[in-house]
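K.L.:
Please find the sequence and the predicted model below.
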Amino acid sequence: MSKTWNLAFILLVLFSLLLTGNATAQEFRFEHDGSTYHYYFNLVLNSDSVLTVKATFPVQSEGRLALDIIDYDRTITSSELAVWQDTYWKSDSGTTSDPFPVQAGSYVFHVQDIMYDLGVDKEAVIVVSVESVTSSSANEPDDDISTTATSLVYGLEYADSIGFKGIIDHTTYKNSLDDWADNYRFTATEDSELSVTFLVNDFNAGYPYQNGYLDLYISDIPNGYNYRRLTDGLIRANGTYYCDPYEVTAGKEYKIVVSKSSSGWAAYSLDTSFTSDSESTTYYYDGDGDGYGNPNISQDATSQPDGYVTDKTDCNDSDSSINPGATESCNGVDDDCDGNIDTGCTTSCTSSPGQVTLSSPTGTTTDTTPSFSWTTDSCATWYKIYIANTSTSAKLVEWFEVEDNYSGYANADCSGGTCTGTISNALESGSYQWYIIGWNSYGNGVWSDAGSLTIQGNNSTPSKITLSSPSGTTTDTTPTLTWYQDSNATWYYLYLYNPSTSEKVAQWYEVEDNYSSDPNATCTNGMCSVTLSNALNSGSYQWYILGWNSYGNGDWSDAMSFTIQGNDSIPSMIDLSSPAGTTITDTTPTFTWYEDSNASWYKLYLINNSTNEKFVQWYEIEDNYSGYPDASCVNGMCSVTMTEPLSSGDFWWYVRGWNSYGNGDWSHGLYFTITE
């Protein structure tokens, strides 16, 4: 009996399936009766959901089941819209599909029974599991389209842009349910210019005999037949297609349609962007609310956002008393944002400065000429620093001038209420107390309270080094060795040893290049590394590092182990790519296969089944001037092109790999036909 769409042979069996809640499952069964081939179940989703499907076959059954979920509500064209479809074979029994998103609405779950032996109890079981999601945004696809089995998402409104990913599927078994058109709907929120980028992958993959095409167009709703093609012409190959801009109107609904001919298959992604037709203004963030904006934080908008202004001249957006409209005060601060401190201000100082408060440094530092910071006294024109070593009685006294009057003394940098001065004479290692006093024409102020710091010099051997990598197994015979830096070390010593063969590497590495005969270690961001200059043999290794400076050697690091895995096996069976199952007119075709990194040569075997004509040729991967032609191997694929034309006929071709360990297995054959 023919399995076609003939009402005389189709018994429609309808069930109602209402799925709600966060996680539910519905099981339904049907028996094969020899005459009914199509079963339909009503599927109602009260919220956006993620579905999975599992089909279980009876014992001793044979054949397959073709499954679809059809969306009738959102179909704009006359075609039915399959939002998910898959074919289950007996070997797939009991497996669960990948999760796929479906929006709230009414659907039909369609089962096509293509079983020629439905087993002992003749009953198949299908389970649909549902997990609700809070919004359709959770269903938006990934940026890439590495997988062609991702379901489609329909009817999303855009904010700034929308993106989709899907498949257009030629199906052999579902006839009029063939998914020939995908409809993406959106409502424009403002007058805009729409730009579309269309990325096509896997065109007719798996269907080498098809020669279909894709079409991409847009139309407004409800005028579904008033459309404009977005590409220059029909699409017949993989690639990225950039479409001309299309004007959309605020409040109007549109649909973008991806369609195909009756024969065709492709995976694609569809990305859109919208450029507003409204004129925008640049606004600047006003964090302190003084009416003056931060020039470093801005946004373009057609209306003024909250907290933003058109001015961009504030030099301190966290203090409302500092802005271009403020009056300059004698306080060591640029109050009016003119780039100058205390210029044109009138001082009210009638006495010597007060006591300042110290800020930094505190604790331990290795900087022997540190910068010292304290609070500004607006009446001080000079500051004096006193530093005393609490252990050795050594002391240092220096003056800092607030304004540079070219006195020959160092200047204190006073801004934002803080002054900073850097001493010119280095301090020795040890613990110190330090003080600051201000001075003006009325005399000295009051000494500050004491501040404490410790200068830690490089006066000890390096610490025990901690290793980082490599560990485990690698194929790199000149690996890079990495460890954590010890700031106290000026040299590092590497010892690397193979316990099985006694092969070893012992080498000094200098941290800074002082033009010694030894190589340098690269030390940045707390890590040091060296790369071996001589290749290691296959085998297991242990390696160690110790640090050294003028005080002597540090302790050896703990051992770290790694293994060099050499290229010591024959190549694997080669996977062929193209030509495959096609009819061509090119008599010097290009043959392509997947690269085996273990192979250094490839052998091509080609036979014409019509004439028994044979072609056998070796191809070298790297040109060693052997006299043999080369195979071009790039990005995991190898290819060769015939130099002599082939005659017409049906051909089979095979490839095998070779290296110094011997031949790999012949590939499975692929066939093609050459016609004149």
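P.N.:
Everything's here; your move.

K.L.:
Which strand in the protein has the most residues?
P.N.:
In terms of residue count, the longest strand belonging to the chain (DSSP state E) is strand 105-117.

K.L.:
What are the buried residues along the helix or strand that that strand is followed by?
P.N.:
Following strand 105-117 in sequence order, the next helix or strand is strand 123-132 (DSSP states H and E). Buried residues in strand 123-132, counted by 16 or more other Cβ atoms under 10 Å: 124, 126, 128-130, 132. The way it works is simple: take the backbone N, C-alpha and C, and place the C-beta from them, glycine included.

K.L.:
How about stretch 612-630?
P.N.:
By neighbour count on 16+ other Cβ under 10 Å, the buried set for stretch 612-630 is 619-621.

K.L.:
For the residues you listed, give me CSV that also has pLDDT and secondary structure.
P.N.:
Converted to CSV, those look like this (pLDDT from 0 to 100; DSSP: H, G, I helix; E, B strand; the rest coil):
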residue, pLDDT, secondary structure
Tyr619, 92, strand
Glu620, 90, strand
Ile621, 85, coil
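
K.L.:
I'd like to know which of those residues is nearest to Thr490.
P.N.:
In terms of Cβ to Cβ, no member of the buried residues of stretch 612-630 lies closer to Thr490 than Ile621, at 45.2 Å.

K.L.:
Touching, that closest one and Asn598? I think so.
P.N.:
No: using Cβ atoms under 8 Å, Ile621 is not in contact with Asn598; the gap is 10.9 Å.

K.L.:
returning to that earlier point: for the longest strand of the chain, what is the distance to the chain centroid?
P.N.:
Remark: strand 105-117 is offset 39 Å from the chain centroid, using Cα atoms, centre = their mean, to the nearest Å.

K.L.:
Rounded mean pLDDT for that strand, please.
P.N.:
Averaging pLDDT along strand 105-117 yields 75.

K.L.:
before we move on, what about stretch 464-479?
P.N.:
Mean pLDDT, stretch 464-479: 89.

K.L.:
Likewise for stretch 485-504?
P.N.:
Averaged over stretch 485-504, pLDDT sits at 88.

K.L.:
Bridge partners for Leu43, pull those for me.
P.N.:
Leu43 has these beta-bridge partners by DSSP bridges: Leu17, Tyr107.

K.L.:
now Tyr495
P.N.:
Beta-bridge partners, per DSSP bridges, of Tyr495: Ala506, Tyr544.

K.L.:
residues near it, how many?
P.N.:
Around Tyr495 sit 16 other residues, with neighbours defined as other Cβ atoms under 10 Å.

K.L.:
residue ranges for the strands of the stretch 401-550 of the chain, please.
P.N.:
Applying DSSP state E, counting those that start in this stretch to the stretch 401-550 of the chain gives strands spanning 410-411, 413-415, 418-422, 430-440, 443-444, 451-455, 467-469, 472-474, 480-484, 491-497, 504-510, 522-524, 527-531, 539-549.

K.L.:
how about these, which one is nearest Thr249?
P.N.:
Closest of those to Thr249 is strand 413-415, at 53.9 Å (criterion: Cβ to Cβ).

K.L.:
Tell me if I'm right that Asn411 and Trp399 touch.
P.N.:
No: Asn411 lies out of contact with Trp399 (Cβ under 8 Å); the separation is 10.2 Å.

K.L.:
What sits closest to Tyr254 if chain neighbours are left out?
P.N.:
Nearest residue to Tyr254, sequence neighbours excluded (Cβ to Cβ, 6 or more residues apart in numbering): Asp220, at 5.3 Å.

K.L.:
typo on my end, Thr466
P.N.:
Nearest residue to Thr466 in three dimensions, chain neighbours excluded: Tyr484, at 4.5 Å (Cβ to Cβ, 6+ apart).

K.L.:
about what we covered before: make JSON lines out of the buried residues of strand 123-132 and add distance to Gly325.
P.N.:
Shown next, in JSON lines, are these (distance: Cβ to Cβ, whole Å):
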{"residue": "Ala124", "distance to Gly325": "81"}
{"residue": "Ile126", "distance to Gly325": "74"}
{"residue": "Val128", "distance to Gly325": "68"}
{"residue": "Ser129", "distance to Gly325": "65"}
{"residue": "Val130", "distance to Gly325": "62"}
{"residue": "Ser132", "distance to Gly325": "56"}
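
K.L.:
quick one: the residue nearest to Thr466 from Gln456, how far?
P.N.:
Going from Tyr484 to Gln456 by Cβ to Cβ, to the nearest Å gives 19 Å.

K.L.:
same question, Phe198
P.N.:
63 Å.

K.L.:
quick one: which of those two has more around it?
P.N.:
Phe198 (21 against 14).

K.L.:
Bridge partners for that one, pull those for me.
P.N.:
Here Phe198 sits in beta bridges with Tyr241, Leu270, as judged by DSSP bridges.

K.L.:
Arg229 is in contact with that one, correct?
P.N.:
No: distance between Phe198 and Arg229: 11.5 Å, which falls outside the contact criterion (Cβ under 8 Å).

K.L.:
Show me what the residue lying closest to Ile297 once chain neighbours are set aside bridges to in the sheet.
P.N.:
Using Cβ to Cβ, 6+ apart and skipping the chain neighbours, the partner closest in space to Ile297 is Tyr285 (3.9 Å). With DSSP bridges applied, Tyr285 shows beta-bridge pairing to Tyr308.

K.L.:
picking up where we left off before, quick one: the strands of the stretch 401-550 of the chain as CSV, columns for distance to Ala388 too.
P.N.:
CSV is the format used below for those (distance: least, Cβ to Cβ, whole Å):
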stretch, distance to Ala388
strand 410-411, 19
strand 413-415, 24
strand 418-422, 17
strand 430-440, 5
strand 443-444, 18
strand 451-455, 11
strand 467-469, 43
strand 472-474, 55
strand 480-484, 36
strand 491-497, 36
strand 504-510, 38
strand 522-524, 35
strand 527-531, 38
strand 539-549, 29
